[in-house]
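Student: Need a 3D model of the following:
(2 chains)
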Amino acid sequence: KAGVTQTPRYLIKTRGQQVTLSCSPISGHRSVSWYQQTPGQGLQFLFEYFSETQRNKGNFPGRFSGRQFSNSRSEMNVSTLELGDSALYLCASSQYDSYNSPLHFGNGTRLTVT
Amino acid sequence: AQKITQTQPGMFVQEKEAVTLDCTYDTSDQSYGLFWYKQPSSGEMIFLIYQGSYDEQNATEGRYSLNFQKARKSANLVISASQLGDSAMYFCAMRDVEYGNKLVFGAGTILRVKS
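Tutor: Below is the predicted model:
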């Protein structure tokens, strides 16, 4: 079974631009979550989607948005990029939206904002 | 309030020895799940082991075991027979209903295995 696939692996953008990251979950998984990882803040939850509906949202500004498609694939968009948005963005999928369902992560997209 | 606490920023262990990585958690829920993840320098986050709040037995997965002490709210990861490839960052994490089942991570522990 293929794992979680994130594209692209690396991105370099300029302040003020926007970026879209893509995530394909494990086949059969309907829940997709996004996390931001930085050296200073650690791993922070961005949002979670289940069956195309946003179920949970972290404490991030409205510049961060996401969506999930009917095939469970998800995209995350960041508009008006700031230097502080430089981070590793991790996508994870799980079979169920439940406390006992493990999240399986992709390799991440490393975003650098200059 | 911080929900997951990993008090060891870094650990060293000799190859082939066992090592324990500490994790304490805080939740008012009765139903929750505890997870350990490994993150090598390449950045991928690898799921290692899971312990449910209602599980009476400690979870084991190969060389990984979870020492679950519910009354003390601790969920320590034990790695037996350490290998050089175990050198990585290790994260303890929890999902509970109070936080909408989102996965909340600790700060992590860097483990270095010495030959």
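
Student: can you count the residues close to B:T5?
Tutor: With neighbours defined by other Cβ atoms under 10 Å in any protein chain shown, the count for B:T5 comes to 15. In this view, the C-beta of every residue, glycine as well, is placed from N, C-alpha and C.

Student: That one bridge partners, please.
Tutor: B:T24 (DSSP bridges).

Student: so where is chain B shaky, pLDDT-wise?
Tutor: Along chain B, the parts satisfying pLDDT under 70 run over B:1-2.

Student: swap in chain A?
Tutor: Flagging of chain A using pLDDT under 70 yields the residue ranges A:1.

Student: who's in contact with the residue in it that chain B sits nearest to?
Tutor: Distances between chain A and chain B by Cβ to the nearest Cβ are smallest at A:F105, namely 3.7 Å. Listed by Cβ atoms under 8 Å, 6 or more residues apart in numbering or on different chains, the contact set of A:F105 reads A:4, A:90-92, B:37, B:44-47.

Student: again, 6 Å this time
Tutor: A:F105 is in contact with A:90, A:92, B:45, counting by Cβ atoms under 6 Å, 6 or more residues apart in numbering or on different chains.

Student: ok, so what distance separates it from B:Q30?
Tutor: As judged by Cβ to Cβ, to the nearest Å, A:F105 and B:Q30 stand 27 Å apart.

Student: swap in B:S53?
Tutor: For B:S53, the distance to B:Q30 - Cβ to Cβ - is 7 Å.

Student: Please compare the two by neighbour count and tell me which comes out ahead.
Tutor: Per other Cβ under 10 Å, whichever of B:S53 and B:Q30 has more neighbours is B:S53, with 19 against 9.

Student: and B:L84, backbone torsions?
Tutor: Main-chain dihedrals, B:L84, degrees, to the nearest 10: phi -60, psi -30.

Student: nearest spatial neighbour of it, skipping sequence neighbours?
Tutor: Excluding its sequence neighbours, the residue lying closest to B:L84 (Cβ to Cβ, 6 or more residues apart in numbering or on different chains) is B:V113, at 5.2 Å.

Student: Next one: that neighbour from chain A, what distance?
Tutor: 22 Å (Cβ to the nearest Cβ, to the nearest Å).

Student: same check, this time on B:S80
Tutor: Distance, B:S80 to chain A, by Cβ to the nearest Cβ: 21 Å.

Student: correct me, but that residue touches B:R63?
Tutor: Yes - B:S80 lies in contact with B:R63 (Cβ atoms under 6 Å); the separation is 4.9 Å.

Student: and the nearest residue to B:N67 once chain neighbours are set aside, helix, strand or coil?
Tutor: For B:N67, ignoring the flanking residues on the chain, the nearest one in space by Cβ to Cβ, 6+ apart is B:N76 at 4.4 Å. Under DSSP: H, G, I helix; E, B strand; the rest coil, B:N76 falls in the strand class.

Student: ok, now B:E44?
Tutor: What three-state DSSP gives for B:E44 is coil.

Student: Okay, it and chain A: tell me how far apart.
Tutor: B:E44 is 5 Å from chain A, by Cβ to the nearest Cβ.
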